[in-house]
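Colleague: take a look and give me a structure for this.
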Amino acid sequence: MLIIHPKDKTTKVLSRLYEGLDIRFVDQSKNNTEVKHILNHTSQVERIILLGHGSDRGLFSKENDEMKEFNRLIISHQHAFFLRKHGGNIIGIWCHAEKFAREEGLHGLFSGMIISEKEEADEYNVSATQEEIDEANEIMFSRLRRLLDTDTPLHEIPEQLKEMNDKHSPITDFNYERFFFL
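Modeller: Next up, the predicted model:
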């Protein structure tokens, strides 16, 4: 399994999805050419998981975790050709990953807007403290990991995650609804 997860303290919770697994890991230390080379030489049957912050333009990265702003896209349009070769065996979790996937013709499990910070909750009129967001996301991503560990087909995960939302708070109702199989 190939994991691309640029380091960022606000998305550390996503490491739950691969902790303890035998993986190949790419963080922000690779440049775009190196990432293309890695994707091009990844078996078509190997799952690729893309994690972090991003937009409909791709997955963000920054030189180091101390920087406030992201300064590049580690996954963008220029990587889509290599990702398309993996059919439906891609997982992309970042804000608006499903828009990027639709635009680029990618298939797999993708997230929409996932709230991970208080500022995002405020922007989307979701009433939640940072502590509530952190706790809800810890639980949600632990549940997603369980589904992945039991080889739940990716196309079943969006509905199963919704069914696992047993707390029904503004933050869980928002985030659990934002997973899509394309």
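Colleague: now do the phi/psi pair for residue 81.
Modeller: Phi and psi for residue 81, reported as degrees, to the nearest 10, are phi -60, psi -50.
Colleague: again but with residue 7, I slipped
Modeller: phi -60, psi 130.
Colleague: ok, it - how many residues close by?
Modeller: 15 (other Cβ atoms under 10 Å). Heads up, the C-betas are built off the backbone N, CA and C, glycines and all.
Colleague: and it, how close does it get to residue 152?
Modeller: According to Cβ to Cβ, to the nearest Å, residue 7 and residue 152 sit 28 Å apart.
Colleague: which residues touch residue 160?
Modeller: 147, 152 (Cβ atoms under 8 Å, 6 or more residues apart in numbering).
Colleague: which SSE is it in?
Modeller: Assigned by DSSP states H and E, residue 160 belongs to helix 157-164.
Colleague: longest helix of this structure?
Modeller: The longest helix of the chain (DSSP state H) is helix 130-149.
Colleague: re earlier: what residues sit buried inside the helix holding residue 160?
Modeller: Judged by neighbour count (16 or more other Cβ atoms under 10 Å), helix 157-164 contains these buried residues: 157-158, 161, 164.
Colleague: how about the spatially most central residue of the chain: what's its closest non-neighbour residue?
Modeller: In the chain, the residue lying closest to the centroid (Cα atoms, centre = their mean) is residue 93, at 1.5 Å. Counting by Cβ to Cβ, 6 or more residues apart in numbering, residue 93 lies nearest to residue 111, which is 4.5 Å off, once chain neighbours are set aside.
Colleague: got the contact list for that neighbour?
Modeller: 92-95, 97-98, 178-180.
Colleague: show me what it is bridged to.
Modeller: Per DSSP bridges, the residues bridged to residue 111 are residue 179.
Colleague: relative to residue 17, how far out is it?
Modeller: 12 Å.
Colleague: who touches both of those two?
Modeller: Common contacts of residue 111 and residue 17 (Cβ under 8 Å, 6+ apart): residue 93.
Colleague: okay, the contacts of residue 111 in TSV with pLDDT next?
Modeller: Below are the contacts of residue 111 laid out as TSV (pLDDT from 0 to 100):
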residue	pLDDT
92	98
93	98
94	96
95	94
97	98
98	98
178	97
179	98
180	98
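Colleague: from the residues you listed, pick the one nearest residue 118.
Modeller: Closest approach to residue 118 among the contacts of residue 111 (Cβ to Cβ): residue 95, at 14.5 Å.
Colleague: wait, a helix at the closest one?
Modeller: No - according to DSSP: H, G, I helix; E, B strand; the rest coil, the state of residue 95 is coil, so it is not within a helix.
Colleague: run a quick neighbour tally on it.
Modeller: So residue 95, with other Cβ under 10 Å, has 22 neighbours.
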